[in-house]
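A.B. asks: how does the following fold in three dimensions:
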Amino acid sequence: MKTNKVKKSDKEICMYKKINLFFLVILSSVLIGCGNNSEEQDEHEEYPERTHSDEHSELVLTSHQLEHIDVETATAESKEVDVPLILSGRIALNEALTAHITSRVRGRIEKVHTLVSDRVNKDEILLELYSQEFLAMQSEFIQAEERFKRIKENDSEQATGKSIYESAKKKLEVIGLSEEEIQQLADNHLPFTLLPVRAPFSGTLLSGEARLGEFVDVGQDFFVLANLQNLWVLADIFEKDLPLVREGMKGEVIPAAYPNEIHKARLLRIYDIVEPSSRTIKARFEVSNHSNKLKPEMFVTVKVLSKLGGTNPKVLSTSIMKEKNGTYVFVAINDTTFQRREIMVGKETKDFTEILDGLKAGEKVVTRGTFYLKSELSKESFMEDEH
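C.D. replies: Modelled structure (predicted):
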């Protein structure tokens, strides 16, 4: 009996051990499950699931993604912004200060005082002509002047005499005699033997020739004279930049031959014709050349600082995304959420773009990382469409 009791106690002890072990296994499973749920919840909080709206326009990124794509944003602002323009151009003659020196009478070249490339001053004598026409004009003037002096104030022929005198004087002025020379002729009645041909303004003789003893006719070219102290710059403006320039603007001319030198210029005229091949419009700048370093046909760069104003918001042009169906930007809703926003653009420059509709001043747009956002949004949209 005693032995049976002992055996019975051993069985009960074994039973208790099995029950305890069973409960320990269950308890461990519960604790492990709770731990896994806690870890999953922590991981979810650190790396939230990427989602987007039903319209496929909103994207939420994890902090891990944000660290690797380096997203940058900028605020849309309704302020005036500087728009630097770099224009290509070339130096040209100032046509208002360029002249053809021609013969105004028939005659023979008797003296030559200048050659091509010489710099001359205003009224400097370039050459002298012997001309029978010139001698006849002087004789006509002397006779008209003597007759006009003899007419009394109340004489009926006074008006006629004055008219003949003025006509003869005008002929001498047209062929090149100065006021002092005409007065000298009127006082002395001694005709000049040679007719001087003078420079109408200071400049450089660019081309032409005058040979001693050569017979010339009316209108024959002697020289081309240009004032190289004041030149033009013909620059090319692209169509899209045309609204940013206006006549009267100041610019800086930088010659290709002297890249460290800057010459101040002013925009005089924007031409009215678009060149079909380059789709550009010519702009004419005026530039001083007192250093004589600028030469016609030199290539130059023209820098113009324009302004883009108005009340519409402006964003960096790097934030603009374009597709066949339209134009859009990514707006930063918060640090992790980005929304694709359809917009309407206005004036566009290299650095800034004006927004006419779809974006308000103060909103933040993505300027760096836009292509990654576009890729992720397309990926999510494709996965939703598959489901």
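A.B. asks: how about the strands in the stretch 151-300 of the chain?
C.D. replies: For the stretch 151-300 of the chain, the strands defined by DSSP state E, counting those that start in this stretch cover 195-198, 203-208, 215-216, 221-226, 230-238, 250-255, 263-275, 280-288, 299-308.
A.B. asks: neighbours of Lys364, how many?
C.D. replies: Using other Cβ atoms under 10 Å, Lys364 has 17 other residues around it. In this view, the C-beta of every residue, glycine as well, is placed from N, C-alpha and C.
A.B. asks: and the closest residue to Arg340 other than its chain neighbours, how far from Val329?
C.D. replies: Among residues not flanking Arg340 along the chain, Ser57 sits closest, at 4.5 Å (Cβ to Cβ, 6 or more residues apart in numbering). As judged by Cβ to Cβ, to the nearest Å, Ser57 and Val329 stand 12 Å apart.
A.B. asks: any common contacting residues for those two?
C.D. replies: Arg340, Arg341 (Cβ atoms under 8 Å, 6 or more residues apart in numbering).
A.B. asks: those two: which is more packed in?
C.D. replies: Using other Cβ under 10 Å, the more surrounded residue of Ser57 and Val329 is Val329, with 27 against 17.
A.B. asks: pLDDT weak spots in the stretch 251-387 of the chain?
C.D. replies: 380-387 (pLDDT under 70).
A.B. asks: what about the residue most central in space within the chain, which SS state?
C.D. replies: Closest residue to the average C-alpha location of the chain: Leu85 at 3.3 Å, with Cα atoms, centre = their mean. Assigned with DSSP: H, G, I helix; E, B strand; the rest coil, Leu85 falls in the strand class.
A.B. asks: now it, which residues is it bridged with?
C.D. replies: Val304 (DSSP bridges).
A.B. asks: let me see the contact set for it.
C.D. replies: Counted by Cβ under 8 Å, 6+ apart, Leu85 has contacts Ile237, Asp241, Leu244, Val245, Lys303, Val304, Leu305, Ser306.
A.B. asks: try Val233
C.D. replies: Gly89, Arg90, Ile91, Ala92, Val253, Ala265, Arg284, Phe285, Glu286, Val287, Val300, Val302.
A.B. asks: distance of it relative to Phe201?
C.D. replies: In terms of Cβ to Cβ, Val233 sits 21 Å off from Phe201.
A.B. asks: got it, and Leu212?
C.D. replies: 25 Å.
A.B. asks: over to Ser117?
C.D. replies: If you go by Cβ to Cβ, the gap between Ser117 and Phe201 works out to 17 Å.
A.B. asks: please say which of those two ends up with more neighbours.
C.D. replies: Phe201 (14 against 9).
A.B. asks: and the closest residue to that one other than its chain neighbours, how many neighbours does it have?
C.D. replies: Leaving aside its sequence neighbours, Phe201 sits nearest to Lys122 (Cβ to Cβ, 6+ apart; 5.1 Å). Applying other Cβ under 10 Å, we find 11 residues neighbouring Lys122.
A.B. asks: quick revisit: by neighbour count, which of the contacts of Val233 wins?
C.D. replies: Most surrounded of these: other Cβ under 10 Å gives Phe285, at 28 neighbours.
A.B. asks: so what's Lys162 up against?
C.D. replies: Counted by Cβ under 8 Å, 6+ apart, Lys162 has contacts Phe148.
A.B. asks: tell me how this structure divides into domains.
C.D. replies: Listed by automatic domain parsing, the domain ranges of the chain are 58-80+311-386, 84-93+230-307, 98-226.
A.B. asks: helices of this structure, start to end?
C.D. replies: Assigned by DSSP state H, the helices in the chain fall at 2-46, 63-69, 132-150, 158-175, 179-188, 370-386.
A.B. asks: now Glu133: how far from His113?
C.D. replies: For Glu133, the distance to His113 - Cβ to Cβ - is 22 Å.
A.B. asks: tell me, how many residues neighbour the closest residue in space to Ile343 that isn't next to it in sequence?
C.D. replies: Spatial nearest neighbour of Ile343, excluding adjacent residues (Cβ to Cβ, 6+ apart): Gly358 at 3.5 Å. By other Cβ under 10 Å, 17 other residues sit near Gly358.
A.B. asks: show the pLDDT at Gln229.
C.D. replies: Note on Gln229: pLDDT of 95.
A.B. asks: who touches it in this structure?
C.D. replies: Gln229 neighbours (Cβ under 8 Å, 6+ apart): Ser202, Gly203, Ser288, Asn289, His290, Asn292.
A.B. asks: now these as TSV including neighbour count?
C.D. replies: Converted to TSV, the contacts of Gln229 look like this (neighbours: other Cβ atoms under 10 Å):
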residue	neighbour count
Ser202	16
Gly203	25
Ser288	14
Asn289	18
His290	9
Asn292	10
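A.B. asks: of the residues you listed, which is the nearest to Arg341?
C.D. replies: Ser288 (49.6 Å; Cβ to Cβ).
A.B. asks: so who does that closest one touch?
C.D. replies: So Ser288 contacts Gln229, Asn230, His263, Lys264 (Cβ under 8 Å, 6+ apart).
A.B. asks: go on, Leu127?
C.D. replies: Ile109, Lys111, Val112, His113, Thr114, Pro196, Val197, Ala210, Phe222.
A.B. asks: pretty sure the fourth one contacts Leu126?
C.D. replies: Going back to what we said before, that points to His113. Yes. Between His113 and Leu126 a contact is recorded at 5.9 Å, counting by Cβ atoms under 8 Å.
A.B. asks: just give the closest residue to Ile91, not the sequence neighbours.
C.D. replies: Met298 (4.4 Å).
A.B. asks: same check on Ile182?
C.D. replies: Ile182's closest residue in space is Leu172 (Cβ to Cβ, 6+ apart), at 5.4 Å.
A.B. asks: Phe134 versus the one you found, what's the distance?
C.D. replies: Leu172 is 9 Å from Phe134, by Cβ to Cβ.
A.B. asks: so the two - more neighbours on which side?
C.D. replies: Shown here are Leu172 and Phe134; by other Cβ under 10 Å, Phe134 has more neighbours (24 against 21).
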